[in-house]
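Q: How does the following fold in three dimensions:
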Amino acid sequence: MCRPMMVPIVNKLALLLLSVALQAMLCTGAAVAKPRARDLGIPFDGAPGKFNAITDVDGVAVGYSTLIRGEGAQAVRTGVTAIMPRGSATLTSPVFAGVFSLNGNGEMTGTHWIEEAGLLEGPVMLTNTHSVGLVRDAVIQWRIKQGQSDASGYWWSLPVVAETWDGDLNDINGFHVQPEHAFAAIESAQGGVIAEGNVGGGTGMICHEFKGGTGTSSRVTKVGNATYTVGALVQANYGVRSELRIAGVPVGQHLKNDLLRTQPDDNGSIIISVATDAPLMPHQLKRLARRAAMGLARNGSYAGNGSGDIFIAFSTANAAAMAPGTVNVRALGNETLDPLFLATTQAVEESIINALIAAETMEGINGRKVVAIDHAALQKVMKEYGRR
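A: A predicted model of the protein is given here:
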């Protein structure tokens with residue numbers, strides 16, 4: 001179990017770096033090597049970045065707080081994920097952003113201001129459905145403890161916190177996520193290789209009736225003579241088994257031996273965060289967020305009536321765009337965006353499968369057990385379809 005270690009929040013760089021390093025070792029699980037979809041020979045289109053993760057977008061950092069303890073009715077299987085668009089500079093340097101709701105049976109706070117101003121100010125936080133309010137308030141507490149008001153001198157904040165339901169494995173009504181867990185996720189945020197599967201907000205999630213959770217991927221693409229990166233991170237908790245497709249193969253129609261029952265509808269949810277270093281305006285980022293739906297559909301989601309499928313996209317370009325007065329910003333023309341749309345689709349598709357591959361079988365509340373996808377069985381099906 002990852003137990004968050006609280007380090008006093010002060011404005012001293014050395015202590016902050018120590019906190020980040022320790023939290024990374026304790027909570028992210030980044031040092032634990034797990035197979036990913038490509039390790040199993042699953043073919044995906046497009047060229048990934050160095051880490052094949054959202055952290056391939058320069059400056060983006062991800063941190064986790066993972067809570068796994070107890071059994072029976074008191075089983076705790078939950079956590080918090082923090083995505084920091086500009087790493088340690090996230091607090092003082094907003095990013096252009098856009099949001100899109102494919103199906104709205106879910107929550108992402110702070111989106112009205114993103115729609116109005118086109119700005120994401122602070123981290124993107126992911127947790128379980130009944131912890132959204134607490135995590136939101138914790139982010140405000142964290143900001144105040146940094147000792148800095150915003151550029152206008154005000155201490156106001158509209159944090160972005162999104163959720164998916166983990167009540168099938170977690171004692172969700174026990175309210176086990178506490179402010180220190182949100183602090184730990186933020187303070188542990190790091191670049192480079194990040195953990196996937198049963199970590200952070202994805203700890204207790206289920207995807208296509210397999211164990212699901214957190215997954216990430218990236219794509220490097222050319223727009224004219226320039227090279228840009230698109231990265232995605234998903235909290236995957238959606239889907240019925242029969243519809244699961246991996247690299248075009250109807251895997252869910254073959255891997256059914258573990259199912260005690262088959263749910264009739266897609267009543268789960270998924271939160272998708274897309275990052276890019278391409279210079280895009282807020283309305284263009286909203287268009288990018290919409291393309292996340294394409295990657296989701298490739299894997300067999302139809303965004304059922306009971307599903308909460310909410311996406312956010314942000315750009316780390318134009319760091320000086322929020323300075324006071326008249327500023328100059330760069331933006332790609334709309335007619336050049338197709339490679340970024342394709343990269344988004346591909347990165348989201350692979351992120352979801354990476355979440356499935358990394359997840360491990362979990363027993364949760366009242367002894368309910370959700371199995372991870374069987375890697376060998378999956379490889380066999382892929383080979384039968386000539387996709388491995």
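
Q: element containing Lys380?
A: Lys380 belongs to helix 375-384 when assigned by DSSP states H and E.

Q: OK, contacts around Ser273?
A: With contact taken as Cβ atoms under 8 Å, 6 or more residues apart in numbering, Ser273 is in contact with 54, 83, 124, 126, 232-234, 311-314. No exception for glycine: its C-beta is placed from N, CA and C like everyone else's.

Q: Surely Ala184 is within a helix?
A: Yes. Assessed by DSSP: H, G, I helix; E, B strand; the rest coil, Ala184 belongs to a helix.

Q: since we're on it, how many residues are nearby?
A: Number of residues near Ala184 (other Cβ atoms under 10 Å) recorded here: 29.

Q: quick one: it and Val62, what's the gap?
A: From Ala184 across to Val62, the span is 13 Å (Cβ to Cβ, to the nearest Å).

Q: swap in Pro179?
A: Pro179 is 19 Å from Val62, by Cβ to Cβ.

Q: again, but for Ser301
A: Counting by Cβ to Cβ, the gap from Ser301 to Val62 is 23 Å.

Q: Same check on Val223?
A: Taking Cβ to Cβ as the measure, Val223 falls 25 Å from Val62.

Q: Tell me which of the two has more neighbours.
A: Taking other Cβ under 10 Å, Val223 and Val62 do not tie; Val62 has more neighbours (33 against 17).

Q: Who is the more buried one paired with across the strands?
A: Ile83, Gln190 (DSSP bridges).

Q: Pretty sure it sits against Ala189.
A: Yes. Using Cβ atoms under 8 Å, Val62 is in contact with Ala189, at 5.8 Å.

Q: so what's in contact with the two at the same time?
A: Joint contacts of Val62 and Ala189 (Cβ under 8 Å, 6+ apart) are 82-84.

Q: quick check, nearest of those residues to Asp171?
A: Nearest to Asp171 among the shared contacts of Val62 and Ala189: Ala82, at 22.5 Å, using Cβ to Cβ.

Q: which residue packs closest to that closest one, ignoring adjacent ones?
A: Ala185 (3.9 Å; Cβ to Cβ, 6 or more residues apart in numbering).

Q: Equivalent analysis for Thr214, please.
A: Using Cβ to Cβ, 6+ apart, the closest residue to Thr214 is Gly202 (3.4 Å).

Q: Now do the same for that neighbour: its pLDDT.
A: Here, the pLDDT recorded for Gly202 equals 98.

Q: likewise the one 3 residues further on?
A: As summarised for this prediction, Met205 has a pLDDT of 98.

Q: you'd agree it is up against Gly212?
A: Yes. Counting by Cβ under 8 Å, Met205 touches Gly212, with 4.5 Å between them.

Q: overlap in contacts of these two?
A: Common neighbours of Met205 and Gly212 (Cβ under 8 Å, 6+ apart) are 236-237.

Q: Can you give me every residue that contacts the closest residue in space to Val60 that isn't next to it in sequence?
A: Distances taken as Cβ to Cβ, 6+ apart put Ala275 closest to Val60, at 5.1 Å, once the chain neighbours are dropped. Contacts for Ala275 (Cβ under 8 Å, 6+ apart) come out as 54, 57, 60, 83, 85, 230-233, 313-316.

Q: Show me which pair in those residues is furthest apart.
A: Leu233 and Ser315 (15.3 Å).

Q: More neighbours: the two, which one.
A: Between Leu233 and Ser315, counting by other Cβ under 10 Å, Leu233 is the more crowded of the two (32 against 29).

Q: Give me the distance between the residue nearest to Thr214 and Leu169.
A: Taken as Cβ to Cβ, the span from Gly202 to Leu169 is 11 Å.

Q: cool, Ile272 as well?
A: Note on Ile272: its distance to Leu169, by Cβ to Cβ, is 21 Å.

Q: Over to Met108?
A: On the measure of Cβ to Cβ, Met108 and Leu169 end up 22 Å apart.

Q: And Asp265, by the same measure?
A: In this view, Asp265 and Leu169 are 19 Å apart by Cβ to Cβ.

Q: higher neighbour count, the two?
A: Leu169 (24 against 11).

Q: Just give the number of residues close to the closest residue to Asp265 other than its chain neighbours.
A: Closest residue to Asp265 apart from its sequence neighbours, by Cβ to Cβ, 6+ apart: Gly304 at 5.1 Å. Gly304 has 20 neighbours, counted by other Cβ under 10 Å.

Q: Let me know the secondary structure of Gly304.
A: Taking three-state DSSP, the label given to Gly304 is coil.

Q: Verify the stated contact: it with Asn103.
A: Yes. Gly304 lies in contact with Asn103 (Cβ under 8 Å); the separation is 7.3 Å.

Q: What segments of the stretch 151-300 of the chain are strands?
A: Using DSSP state E, counting those that start in this stretch, the strands of the stretch 151-300 of the chain run over residues 160-164, 206-207, 210-211, 213-223, 226-237, 269-276.

Q: Buried deepest among these, which one?
A: Neighbour counts (mean count of other Cβ atoms under 10 Å) averaged over each of the strands of the stretch 151-300 of the chain peak at strand 269-276, with a mean of 30.

Q: what's the angle between it and strand 213-223?
A: Note on geometry: by axes from the mean of the first three to the mean of the last three Cα atoms, to 10 degrees, strand 269-276 and strand 213-223 are set 30 degrees apart in direction.

Q: Which parts of the stretch 1-150 of the chain are helices?
A: 13-23, 111-117, 132-145 (DSSP state H, counting those that start in this stretch).

Q: lowest-confidence stretch among these?
A: Going by mean pLDDT, the lowest-scoring of the helices of the stretch 1-150 of the chain is helix 13-23, which has a mean of 42.

Q: closest one to Arg387 among the strands of the stretch 151-300 of the chain?
A: strand 213-223 (17.6 Å).

Q: Show me what counts as buried in the longest helix seen in the chain.
A: For the chain, the helix that runs over the most residues, judged by DSSP state H, is helix 338-358. Under the neighbour-count criterion of 16 or more other Cβ atoms under 10 Å, helix 338-358 has 339-358 buried.
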